[in-house]
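**Student:** Take this sequence and fold it.
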Amino acid sequence: MYYVYVLQSSKDKSLYIGYTADLKQRLVDHNEGKSKATRLKVPFKLIYYEAFLNKFDALNREKYLKSGYGRKTLQNALSEYFKENRWEK
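**Tutor:** All right, here's what the predicted structure looks like:
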């Protein structure tokens, strides 16, 4: 199983989108500062994920969610969450 996930930094509310085969461990790694891309923004919370049976499908979805249209899709899908948590673009 492969996962595409969205994390939100509790420090500055920024989002990080990634993919992994081990979602629980990847969240631990991010929060322990083991990722260069996210170490300055810990702690993170998992706010969204999707599961895929195929790695290629997960990578394509990650690429899409990182695009402008993909970020808009996330804004729409998580609109209530962002309202409740005072998320800003």
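**Student:** can you give me the helices in this protein?
**Tutor:** Taking DSSP state H, the helices of the chain run over residues 23-31, 55-65, 68-77, 79-84.
**Student:** List the buried residues of the shortest one.
**Tutor:** In terms of neighbour count (16 or more other Cβ atoms under 10 Å), helix 79-84 has its buried residues at residue 82. C-betas here are computed from N, CA, C, even on glycine.
**Student:** CA atoms only for it - export them in PDB, please.
**Tutor:** Extracted C-alpha coordinates of helix 79-84, given in PDB (Å, rounded to 0.1, in the frame of the first residue of the first chain):
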ATOM      1  CA  SER A  79     -12.500  23.800   3.300                       C
ATOM      2  CA  GLU A  80     -14.200  23.300   6.600                       C
ATOM      3  CA  TYR A  81     -10.900  22.200   8.300                       C
ATOM      4  CA  PHE A  82      -9.100  25.300   7.000                       C
ATOM      5  CA  LYS A  83     -12.000  27.500   8.200                       C
ATOM      6  CA  GLU A  84     -11.900  26.000  11.700                       C
END
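**Student:** What's the mean pLDDT across that helix?
**Tutor:** For helix 79-84, mean pLDDT is 89.
**Student:** Output the helices of the chain as CSV; include the columns distance to residue 41.
**Tutor:** Rendered in CSV, the data for the helices of the chain read as follows (distance: least, Cβ to Cβ, whole Å):
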stretch, distance to residue 41
helix 23-31, 9
helix 55-65, 18
helix 68-77, 17
helix 79-84, 17
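**Student:** Go through those and name the closest to residue 8.
**Tutor:** With Cβ to Cβ as the criterion, residue 8 lies closest to helix 79-84 of these, at 8.9 Å.
**Student:** neighbours around residue 31, how many?
**Tutor:** 17 (other Cβ atoms under 10 Å).
**Student:** Check residue 37 and give its pLDDT.
**Tutor:** Residue 37 is given a pLDDT of 89.
**Student:** what residues are up against it?
**Tutor:** Residues counted as contacts of residue 37 (Cβ atoms under 8 Å, 6 or more residues apart in numbering) are residue 16.
**Student:** Equivalent analysis for residue 5, please.
**Tutor:** For residue 5, the contact set (Cβ under 8 Å, 6+ apart) comprises 17-20, 23, 26-27, 46, 48-50.
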